[in-house]
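*Asks:* Based on what follows, work out the 3D shape:
(one chain, ligands or ions: 1)
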Amino acid sequence: EGSHARTSHSSGPSDAADLIDHFRAVFGDDPDGVWAAPGRVNLIGEHTDYNEGFVLPFAIEHTARVALRRTETGELRIAGRQEVAGAGLVRVDLAALRGGPSPRELGSDAAGAAATGAEDAAPEVLGGDLPGWARYVAGVLWSLGREAGAADVGPGYDVVLDSSVPIGAGLSSSAAIECAVGVAVNDLAGLGHGLDELVLIAQRAENDFVGAPTGILDQSASLLSQDGHALFLDCRTRESRGVPLALAEAGLEILAIDTRVSHAHESGGYGQLRDACELGARELGVQALRDVEESELPAARDQLSPEVYARVKHIVTENQRVLDAVRLLDSVDFRAAGETERRELGRLLTDSHASMRDDFGNSCPELDLAVDTAVAAGAYGARMTGGGFGGTAIALVRAADAERIGEAVREAFGRTGYAAPEVFGVRPAAGARRLV
Ligand code: GAF
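*Replies:* As a prediction, the model looks like this:
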């Protein structure tokens, strides 16, 4: 499928037949429909979302898919395929779920834990007994129920879930599940939410039910992306537009390098970074770091602690890199673009990585090795994508070099004694949709 370097992270089936068969086997009848929502890579703009800044992600071909049927059982019953769900049926009492308060509402301890991303925050409260993947399904039902009024969401659902988005790899496997369930229930129950509203509903499931204090990047990418385009999103105004990204036509490829170092944003690091950004904004007297200009950084340096300043510097320069990347992609048709523009885009990616490695503090040795090796082997540029602390790096390469660069990265990992990374091509794909 166009990738020269894909190994085992195949994007999986894009139709629904296998899932319908599975649904029949588990629930004895046909589902009412099947929906899919993609994972994403973020081309550039990391940790800028909750700072009310700019991001430029694109949806990938790997999707979470759900087959759903409305029932009168009063239960949410979830079965899954493959490692995403493990074996067995998970049953959740929907009435109890709907009435349930969010962790934030349960008092200051729970709220504080959720806000700082401390371990065990939300799951203790609501989804504690649910396997990880089922929390995302239940969380969206909970979030939709609050929005719509419990009765409107429907008395019960049977769900079969599958996903080809690698789990815990920084490719938004959780947002893909949330968004697939969100569009499915929105359709089946006739709730009439627009995609923009579903972004916030899915985000609330993640923040208040699962307990990961994340922004709107992942859910926006999964719901709003268009085939062949990156999504330029202003996270303050929530205005977005597609930016054409004709990679294949330009003889380019984006390699995803999954380091297999897994991360979880419910645990500490992400929340601490977010806290540092919010502290920086408070100390600088702005609503959000979006409001700080690059020219104001020298003054900020005098005002902030070295650590908070470093975090602030990343966000401020990263916002500018997103704007530069969009300007570049808008200004030339990449199919006709020369080496200069390609290198310029590549340099923005590599600068973004260096900024996270040196200033934001969310890289790790495996990500640095992936980036350094790809660039040394001839990539135009490379960077980690997603929250960091592991997960996936992306590299912008000539399609003709993809195989060789992937191999160079695998070799470097082998030499260093790291587990073999998964290297595969990604292309900008469509957002969430109904399949059947
Ligand atoms: C994770 C979060 F879910 C996003 O909201 C975003 O902050 C990202 O990390 C970093 O850019 O994917």
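*Asks:* Can you show me the CA trace of the strand or helix carrying Gln203 as CSV?
*Replies:* According to DSSP states H and E, Gln203 maps onto helix 195-204. Taking C-alpha atoms only, helix 195-204 is exported to CSV below (Å, rounded to 0.1, in the frame of the first residue of the first chain):
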residue,chain,number,x,y,z
LEU,A,195,-18.1,17.2,14.8
ASP,A,196,-16.8,20.2,16.7
GLU,A,197,-19.0,19.3,19.7
LEU,A,198,-17.9,15.7,19.5
VAL,A,199,-14.3,16.8,19.8
LEU,A,200,-15.1,18.3,23.3
ILE,A,201,-17.3,15.4,24.3
ALA,A,202,-14.5,12.9,23.5
GLN,A,203,-12.0,15.1,25.2
ARG,A,204,-14.1,15.3,28.4
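*Asks:* which residues in the stretch 251-400 of the chain form helices?
*Replies:* For the stretch 251-400 of the chain, the helices defined by DSSP state H, counting those that start in this stretch cover 268-284, 297-303, 306-331, 339-355, 365-376.
*Asks:* Out of the helices and strands in the protein, which is least certain?
*Replies:* Sorting the helices and strands of the chain by mean pLDDT, DSSP states H and E puts helix 108-116 at the bottom, at a mean of 32.
*Asks:* next helix or strand past it?
*Replies:* Next in sequence after helix 108-116, counting helices and strands by DSSP H and E, comes helix 132-148.
*Asks:* Which residue, neighbours along the chain excluded, lies closest to Glu197?
*Replies:* Spatial nearest neighbour of Glu197, chain neighbours left out: Glu147 (7.6 Å); criterion: CB to CB, 6 or more residues apart in numbering. The C-beta positions use only the backbone N, C-alpha and C, and glycine is treated the same way.
*Asks:* Val159 now?
*Replies:* Among residues not flanking Val159 along the chain, Ile78 sits closest, at 4.6 Å (CB to CB, 6+ apart).
*Asks:* any idea which helix or strand carries the one you found?
*Replies:* Element membership of Ile78 [criterion: DSSP H and E] is strand 75-80.
*Asks:* Dump the C-alpha coordinates for that strand into PDB.
*Replies:* Provided in PDB are the C-alpha atoms of strand 75-80 (Å, rounded to 0.1, in the frame of the first residue of the first chain):
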ATOM      1  CA  GLU A  75     -26.300  -2.200  29.700                       C
ATOM      2  CA  LEU A  76     -23.300  -1.300  27.700                       C
ATOM      3  CA  ARG A  77     -21.800  -4.600  26.600                       C
ATOM      4  CA  ILE A  78     -18.400  -4.400  24.900                       C
ATOM      5  CA  ALA A  79     -16.500  -7.200  23.200                       C
ATOM      6  CA  GLY A  80     -13.300  -6.600  21.400                       C
END
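*Asks:* between that strand and helix 132-148, how big is the angle?
*Replies:* 140 degrees (axes from the mean of the first three to the mean of the last three CA atoms, to 10 degrees).
*Asks:* Which strands border strand 75-80, and is each parallel or antiparallel?
*Replies:* Note on strand 75-80: by DSSP bridges, its sheet partners are strand 89-93 (antiparallel), strand 156-163 (parallel).
*Asks:* Confidence-wise, which of the ones you listed is weakest overall?
*Replies:* Lowest mean pLDDT of those: strand 89-93, a mean of 90.
*Asks:* hmm, back to that, ok, what's across the strand from the residue nearest to Val159?
*Replies:* Beta bridges link Ile78 to Val90, Val159 when assigned by DSSP bridges.
*Asks:* pLDDT score for it?
*Replies:* 94.
*Asks:* okay, now it: neighbour count?
*Replies:* Neighbour count for Ile78, taken as other CB atoms under 10 Å: 26.
*Asks:* hang on, the earlier thing: so for the helix holding Gln203, what's the average pLDDT?
*Replies:* Helix 195-204 comes out at a mean pLDDT of 98.
*Asks:* Next secondary structure after it?
*Replies:* helix 217-224.
*Asks:* hey, C-alpha coordinates of that next one in CSV?
*Replies:* The C-alpha coordinates for helix 217-224 follow below in CSV (Å, rounded to 0.1, in the frame of the first residue of the first chain):
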residue,chain,number,x,y,z
LEU,A,217,-5.3,17.8,19.4
ASP,A,218,-6.0,14.1,19.1
GLN,A,219,-9.8,14.2,19.0
SER,A,220,-9.8,17.1,16.5
ALA,A,221,-7.4,15.2,14.2
SER,A,222,-9.5,12.0,14.4
LEU,A,223,-12.8,13.8,13.7
LEU,A,224,-12.0,16.7,11.4
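*Asks:* now the angle from that helix to helix 195-204?
*Replies:* 140 degrees.
*Asks:* helices or strands up against helix 217-224?
*Replies:* Applying 3 or more CB pairs under 8 Å, 6 or more residues apart in numbering; DSSP states H and E, we find helix 217-224 packed against strand 33-44, strand 54-71, helix 173-188, helix 195-204, strand 229-234.
*Asks:* can you tell which of the ones you listed is closest to Glu294?
*Replies:* Nearest to Glu294, of all the helices and strands packed on helix 217-224, is strand 54-71, at 13.6 Å by CB to CB.
*Asks:* quick check, distance from that closest one to the centre of its chain.
*Replies:* 10 Å (CA atoms, centre = their mean, to the nearest Å).
*Asks:* Same question for stretch 406-424.
*Replies:* Computed by CA atoms, centre = their mean, the chain-centroid distance of stretch 406-424 equals 23 Å.
*Asks:* Any residues of this protein in contact with the ligand? List them.
*Replies:* Proximity of the chain to the ligand, by CB under 6 Å from any ligand atom, involves residues 42, 46-47, 49-50, 214-215, 217-218, 265, 386-387.
*Asks:* Pick the one among those closest to Tyr157.
*Replies:* Asp218 (22.9 Å).
*Asks:* quick one: low-confidence ranges for the stretch 151-300 of the chain?
*Replies:* Judged by pLDDT under 70, the stretch 151-300 of the chain has its weakly predicted residues at 265-267.
*Asks:* Fine by me, thanks again.
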